[in-house]
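Asker: Predicted model and sequence below, questions to follow.
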Amino acid sequence: QAIRQVAREIHAHKPRNIVFFGSGGSSAALYSGYWTALHYLKLPVSYLLGPDILSVSPAILDSETVAIGASYSGKTMDTIRAKEFIVKSGAKLFTLTRRADAELAKGATWSVTYESIALYTSPAYLTMMLVVDLARERGEGSPELDKFEKALEELPGQLQAIAEPSSQMAERLAPALDSGKLL
């Protein structure tokens with residue numbers, strides 16, 4: 001519900017473009033949302049790394065932009081400095097962090113937390129759902145979007161069903177590796 005509400009509010013803002021940003025693994029997790037936005041939204045989207053924002057000062061970041069950032073810890077220095085630049089540019093900011101008190105979430109227009117150790121899958125999943133909801137808000141629904149949304153809704157159950165067998169297999173095969181890295 002929180003993601004659906006953020007999508008409504010982003011749509012009401014009528015952004016000219018959307019920028020996904022982050023650093024390290026969190027930025028990689030956001031790539032799924034970026035790809036989904038490229039595929040389903042008729043709205044320009046960009047994907048920038050925190051250090052790129054700091055070194056280039058992209059002109060696309062302004063009051064008509066919505067920036068979407070993620071950080072598991074919420075305190076990755078490159079991401080925090082990029083956030084400061086984004087806020088100063090006047091862009092609206094949506095953040096995804098593990099906890100509500102994360103530095104990245106402070107001063108954000110919208111913030112959603114995922115109280116989970118699923119540091120990559122949570123932001124990936126939530127940004128894909130955000131894009132689905134935003135596409136619907138913008139009147140850009142399609143049978144393909146419906147199919148994608150249904151697959152996203154089924155994904156947690158599918159992952160749950162394979163979690164224990166996958167763990168058992170990893171434990172069984174780990175001794176075959178010199179350092180047990182598979183486990």
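Answerer: Received it, and whenever you're ready, just let me know what you need. All values reported here derive from a predicted model rather than from experimental measurement.

Asker: Which strands and helices lie in contact with the longest helix along the chain?
Answerer: The longest helix of the chain (DSSP state H) is helix 143-173. Contact here means 3 or more C-beta pairs under 8 Å, 6 or more residues apart in numbering; DSSP states H and E; on that basis helix 143-173 packs against helix 24-40, helix 121-137. Heads up, the C-betas are built off the backbone N, CA and C, glycines and all.

Asker: so how far is that helix from its chain's centroid?
Answerer: 19 Å (C-alpha atoms, centre = their mean, to the nearest Å).

Asker: Tell me what angle that helix forms with helix 24-40.
Answerer: 150 degrees (axes from the mean of the first three to the mean of the last three C-alpha atoms, to 10 degrees).

Asker: What average pLDDT does helix 143-173 get?
Answerer: Averaged across helix 143-173, pLDDT comes to 89.

Asker: Flag every buried residue along that helix.
Answerer: 145, 148-149 (16 or more other C-beta atoms under 10 Å).

Asker: Return the helix or strand in this structure with minimum mean pLDDT.
Answerer: helix 143-173 (a mean of 89; mean pLDDT, DSSP states H and E).

Asker: before we move on, back to that, would you mind getting the angle between the longest helix of the chain and helix 121-137?
Answerer: With the same axes, to 10 degrees defining the directions, helix 143-173 sits at 170 degrees from helix 121-137.

Asker: can you redo the buried residues of helix 143-173 as TSV with distance to Y72?
Answerer: Shown next, in TSV, are the buried residues of helix 143-173 (distance: C-beta to C-beta, whole Å):
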residue	distance to Y72
L145	28
F148	25
E149	25
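
Asker: which among these gets closest to Y34?
Answerer: F148 (14.7 Å; C-beta to C-beta).

Asker: Report whether the expected contact of the closest one with W35 is present.
Answerer: No - in this structure, F148 is not within contact of W35 by C-beta atoms under 8 Å, at 11.2 Å.

Asker: how near is P123 to R172?
Answerer: 31 Å (C-beta to C-beta, to the nearest Å).

Asker: Deepest in the core, which of the helices and strands packed on helix 143-173 is it.
Answerer: helix 121-137 (a mean of 23; mean count of other C-beta atoms under 10 Å).

Asker: Show me what that helix is packed up against.
Answerer: helix 2-13, helix 24-40, strand 65-71, strand 92-97, helix 143-173.
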